[in-house]
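Engineer: predicted model and sequence below, questions to follow.
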Amino acid sequence: MSDEFDLLAARMENRRAAEDAERELAGFDEALARLSLTDAEVPLTREVLGRPQAYPTLAAIAWLVTAATAVFLGLAVEDRLEPSHPSLATAGGASAAMVFAVVLGSGSAWLLTRTRAGGEAARNRLVHVAARTVLACARVHDVHDLARRAGHMRQLDRSYRQLEQAVLRAHRARATMPFSSPRHAVARQHAAWVVGALRQDIYRLDTEPDDAVRKLAAKVVLLGERYAEGRVGALLPEEALEGAEPVSLARRALRESAHMALVLVAAVAGAWAAQVGGQAIDASKGLQAVLLAVGVVLGGTLAGGWQRASRLVELLPGK
């Protein structure tokens, strides 16, 4: 019975993945039509989008191992504190488990979903993000009502930020170069120019939105196809980079790393504070779980804003 249930669950998951792939490809084709970009030849992009995506098994295993280890660590800390500090034992154990799970679990999940260790799903992530960005461009292009367009433009900004991050990591995620290859430096510098060129169109969304959104979509379609071809050192042609200013890779990396580290620390601190508060008011276990979640969200949001705090969710399995 258990084997039959597992087989049925696997079939349902495969069917759902196939339906998601079909829906994503149809949305991409429709967006190209709405943007008058149907002449774009993107066979590899369409192949990637039409292929069902399965979440890397290694990432799920890493999270399970991390969660189990975090529970045992929390119990060990609780047992150690029980004789001398019984009132803090449960809070200390839960806090230790939370710290371990957030830091190590998020780190391992990031490695397996954003680097070559994640296999095909990680390698193809830029293509999927590019497709979502093109769809967001089509929605902005179609709507002329200011109130509705504003919402679509915010969504385009969110998709673009993910695309920008994927472009800057393309030379590693595509897995066409060894880790120590000197080709990384050239590809990384090219990615900085590509992001600069994309930003030219993003900046024009507030002055010439119709023209800017179509040109942005055309560039995104092209770079997505070239990435699928493995051309990470030529995501856009030289003429598309004219007049662009490359982004500062070192400054951007340091700033973003510092912000995300602060968000992680604040989220853990918020969870700890919520746990201590729950113990102080003798809250039930169900309420303590709710307080922990609220503490994580509140701490991360106060430290880095909702956008950065919400990126913690991207580190969870299936995101």
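Structural biologist: Looks like it came in fine.
Engineer: and S180, what element?
Structural biologist: S180 belongs to no helix or strand when assigned by DSSP states H and E.
Engineer: please apply the same query to A175.
Structural biologist: Counting by DSSP H and E, A175 is part of no helix or strand.
Engineer: thought L126 was touching it, still the case?
Structural biologist: No - if you go by Cβ atoms under 8 Å, A175 and L126 don't touch, sitting 12.0 Å apart. (C-beta placed from N, C-alpha, C; glycine too.)
Engineer: more crowded one of these two?
Structural biologist: More crowded of A175 and L126, by other Cβ atoms under 10 Å: L126, with 25 against 17.
Engineer: and the more buried one, which of the three is it?
Structural biologist: helix (DSSP: H, G, I helix; E, B strand; the rest coil).
Engineer: now do the SS call for the nearest residue to it once chain neighbours are set aside.
Structural biologist: Among residues not flanking L126 along the chain, A166 sits closest, at 4.1 Å (Cβ to Cβ, 6 or more residues apart in numbering). Using three-state DSSP, the secondary structure recorded for A166 is helix.
Engineer: pull up the gap between A166 and V294, please.
Structural biologist: 31 Å (Cβ to Cβ, to the nearest Å).
Engineer: looking at those two, which one has more neighbours?
Structural biologist: A166 (22 against 13).
Engineer: what's near enough to touch that one?
Structural biologist: Going by Cβ atoms under 8 Å, 6 or more residues apart in numbering, A166 touches 125-126, 129-130, 173.
Engineer: apply 10 Å and report the result again.
Structural biologist: By Cβ atoms under 10 Å, 6 or more residues apart in numbering, the residues touching A166 are 114, 125-130, 133, 173, 191, 223-224, 227.
Engineer: format those residues as JSON lines; extra columns: pLDDT and distance to A26.
Structural biologist: Shown next, in JSON lines, are the contacts of A166 (pLDDT from 0 to 100; distance: Cβ to Cβ, whole Å):
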{"residue": "R114", "pLDDT": "55", "distance to A26": "27"}
{"residue": "R125", "pLDDT": "90", "distance to A26": "20"}
{"residue": "L126", "pLDDT": "94", "distance to A26": "20"}
{"residue": "V127", "pLDDT": "95", "distance to A26": "16"}
{"residue": "H128", "pLDDT": "94", "distance to A26": "14"}
{"residue": "V129", "pLDDT": "95", "distance to A26": "18"}
{"residue": "A130", "pLDDT": "96", "distance to A26": "16"}
{"residue": "T133", "pLDDT": "96", "distance to A26": "17"}
{"residue": "A173", "pLDDT": "86", "distance to A26": "25"}
{"residue": "A191", "pLDDT": "93", "distance to A26": "30"}
{"residue": "L223", "pLDDT": "96", "distance to A26": "22"}
{"residue": "G224", "pLDDT": "96", "distance to A26": "17"}
{"residue": "Y227", "pLDDT": "96", "distance to A26": "21"}
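Engineer: which of these lies closest to A269?
Structural biologist: R114 (25.0 Å; Cβ to Cβ).
Engineer: re earlier: which among the contacts of A166 gets closest to V247?
Structural biologist: Looking across these and measuring by Cβ to Cβ, the closest to V247 is A191, at 8.8 Å.
Engineer: that closest one contacts H171, doesn't it?
Structural biologist: Yes - counting by Cβ atoms under 10 Å, A191 does reach H171; the two are 6.6 Å apart.
Engineer: residue boundaries of the helices in the protein?
Structural biologist: Ranges of helices in the chain, per DSSP state H, are 2-34, 43-49, 57-81, 86-100, 106-114, 120-123, 125-142, 146-168, 170-173, 183-203, 209-228, 249-280, 285-314.
Engineer: tell me where the stretch 51-200 of the chain is predicted with low confidence.
Structural biologist: Low-confidence segments of the stretch 51-200 of the chain, defined by pLDDT under 70: 54-119.
Engineer: let's go with 80 and repeat that
Structural biologist: Scanning the stretch 51-200 of the chain for pLDDT under 80 picks out 53-121, 146, 179.
Engineer: thinking again about what came up before, now list whatever residues contact both of A175 and L126.
Structural biologist: With Cβ under 10 Å, 6+ apart, A175 and L126 have common neighbours V232.
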